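Everything below, folded, please.
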Amino acid sequence: MVKHMYRLLYAKLRFLTNPKFGEEFSSMCESQWFRREKILGIQQMKLRALINHAYENVPYYHRVFKDRGLHPSDFKSVDDLNRLPRLTKDDIRSNFKDMAATNFSRAQIITDATGGSTGTPLQFYTTQDDQNCARAAELRAYGWCGYRLGDKHAILWGSLFDLKRSEELYNKIIRFLDRHIMLNCFRMSQESMRMYALRLKKFKPRIVRGYASAVYLFAKFMLHEGVDNIKPKAVITSAETLFDHERTTIEEAFGCEVYDFYGSREASAIASECSEHSGHHISAENYVLECMKEGESAASGETGVILITNLRNYAMPFIRYEIGDLGRFSDEVCSCGRGLPLISSIEGRTTDIIVTQDGNFISTPVLTLIFKDLPVKQYQIIQEKIEEITVKIVRGSGYSEKDTKYIIRGMQKFIGKDVQIRLEFVDSIPLTNSGKRRPIISKIPIKFLEKNDAA
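Below you'll find the predicted structure:
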């Protein structure tokens, strides 16, 4: 009863102190049940408003429109977006000043940046309205797995920026009221994981969420150490691709379902799984997503590059932003009854795809299965040339020459026998600047996905 009262009071406090957030949250909780046609109609209306704003107030887009002989009236539907070029990170960096809307004052914008998991961090501007909408979509998705505002939750996170910011006085107060604890997964030793296990046992979170690789590592630790007293309602993974074998291990360790969440710093709460686990529901009220292959929209079920248009960030509009991920979309309607469109699977980043000599492409999930049952603590597959692969390995107890031969055979099975595969045994594999662990790093461009679709 006390817990129920706390949740109600906390929810009222959040809504009273930020009424715009409350409005967005209530609206999204309602719109998720609309028929898909109605949701896409709302999305289209917001897209036209964004296009008009970008043309009138953003120098970069005004120039792009003029160069292509376009006017906002040319954009009747989402399908017309392909008249515009893709927006890359280099485009943003090169045109940063002109990307900012001229009708926003300095006091109205919020400066943010990516974690730089694939290179240099990307700085950009956002707004409180954009963050309210993203947070509303995020909490709506958390509700699909049983979370209610004010429930205890624990976060395994590795972004040094977020971890540092969480120690500021204001955020400490928010964390206390929000009833969540943040556990640093930037460096996870057996000693730190034992401490985390004790904290989680005492804290009893309803939800555990965090980087997919960090939660998976902690789940493996729990099974190895026989930790069976951390039983949340659900586990939410995010920030990285969740592989099937990782999901199985996490569910076994925590004794609950895993819900995967797709988002980024530039576009938070993009898509999330519901209890049916038949794909990720796109937050279509906030974003337009495209899946492109060879300059055209990929067919349902076909892998392509994901482009994102943020419908809510007017301070620095990202239209057809190439976020760096690969995915497959679905035309199916989820049996849960929500009208929100679906991503059937998220394949990983474009820099996480191995290119073979015969022109094929191997995605991360295929190669990670090679290491599934081996005594390997960590691994990383690096491709700098088509004909050469380096595999860095942190050996676990019992690793032998037999395992080395198994890895080489497994790699050659998928990549080709003519490829030179070199194993390099190391003590550790460093995380990226944002605290993520990349299982594959490929420096070979995927040319058929990079064709200029708006030429």
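
ok, which stretches of the stretch 251-400 of the chain are helices?
Remark: helices assigned in the stretch 251-400 of the chain by DSSP state H, counting those that start in this stretch are 364-368.

Show me where it dips below the pLDDT cut-off.
Within the stretch 251-400 of the chain, the segments meeting pLDDT under 70 span 348-353, 359-366.

number of nearby residues for the closest residue to residue 313 other than its chain neighbours?
Nearest residue to residue 313, sequence neighbours excluded (Cβ to Cβ, 6 or more residues apart in numbering): residue 130, at 4.2 Å. C-betas here are computed from N, CA, C, even on glycine. The number of residues packed around residue 130, counting by other Cβ atoms under 10 Å, is 23.

Whichever helix or strand residue 130 is part of packs against which elements?
Using DSSP states H and E, residue 130 maps to helix 128-143. If contacts are counted by 3 or more Cβ pairs under 8 Å, 6 or more residues apart in numbering; DSSP states H and E, helix 128-143 sits against helix 19-31, strand 257-262.

still on that earlier bit, which residues touch the residue nearest to residue 313?
Applying Cβ atoms under 8 Å, 6 or more residues apart in numbering, we find residue 130 in contact with 310, 312-315.

One more pass at 10 Å, please.
Residue 130 makes contact with 109-110, 112, 267-268, 286, 310-316, according to Cβ atoms under 10 Å, 6 or more residues apart in numbering.

Which neighbours in the sheet does the helix or strand following the helix holding residue 130 have, and how are they oriented?
Remark: after helix 128-143, the chain's next helix or strand is strand 153-157, criterion DSSP H and E. With DSSP bridges as the test, strand 153-157 is paired with strand 180-184 (parallel), strand 207-211 (parallel).

so which of those is the most packed in?
Highest mean neighbour count among those (mean count of other Cβ atoms under 10 Å): strand 207-211, with a mean of 25.

Next, the angle from that strand to strand 257-262.
40 degrees (axes from the mean of the first three to the mean of the last three Cα atoms, to 10 degrees).

gap between the helix or strand following strand 207-211 and the chain center?
Where DSSP H and E defines the elements, the next helix or strand beyond strand 207-211 is helix 212-225. Remark: helix 212-225 is offset 20 Å from the chain centroid, using Cα atoms, centre = their mean, to the nearest Å.

cool, and stretch 205-219?
15 Å.

Going by neighbour count, which residues in the longest helix seen in the chain are buried?
Assignment by DSSP state H gives helix 36-57 as the longest helix of the chain. Under the neighbour-count criterion of 16 or more other Cβ atoms under 10 Å, helix 36-57 has 39-40, 43-44, 46-48, 50-51, 53-55, 57 buried.

Turn those residues into JSON lines, columns for distance to residue 90 and pLDDT.
Output for these, formatted as JSON lines (distance: Cβ to Cβ, whole Å; pLDDT from 0 to 100):
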{"residue": "39", "distance to residue 90": "33", "pLDDT": "97"}
{"residue": "40", "distance to residue 90": "31", "pLDDT": "96"}
{"residue": "43", "distance to residue 90": "28", "pLDDT": "97"}
{"residue": "44", "distance to residue 90": "29", "pLDDT": "96"}
{"residue": "46", "distance to residue 90": "27", "pLDDT": "97"}
{"residue": "47", "distance to residue 90": "24", "pLDDT": "97"}
{"residue": "48", "distance to residue 90": "28", "pLDDT": "97"}
{"residue": "50", "distance to residue 90": "22", "pLDDT": "98"}
{"residue": "51", "distance to residue 90": "23", "pLDDT": "98"}
{"residue": "53", "distance to residue 90": "24", "pLDDT": "98"}
{"residue": "54", "distance to residue 90": "19", "pLDDT": "98"}
{"residue": "55", "distance to residue 90": "23", "pLDDT": "98"}
{"residue": "57", "distance to residue 90": "23", "pLDDT": "98"}
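
Just give me the closest of those residues to residue 81.
Using Cβ to Cβ, residue 47 is the member of these that lies nearest residue 81, at 7.7 Å.
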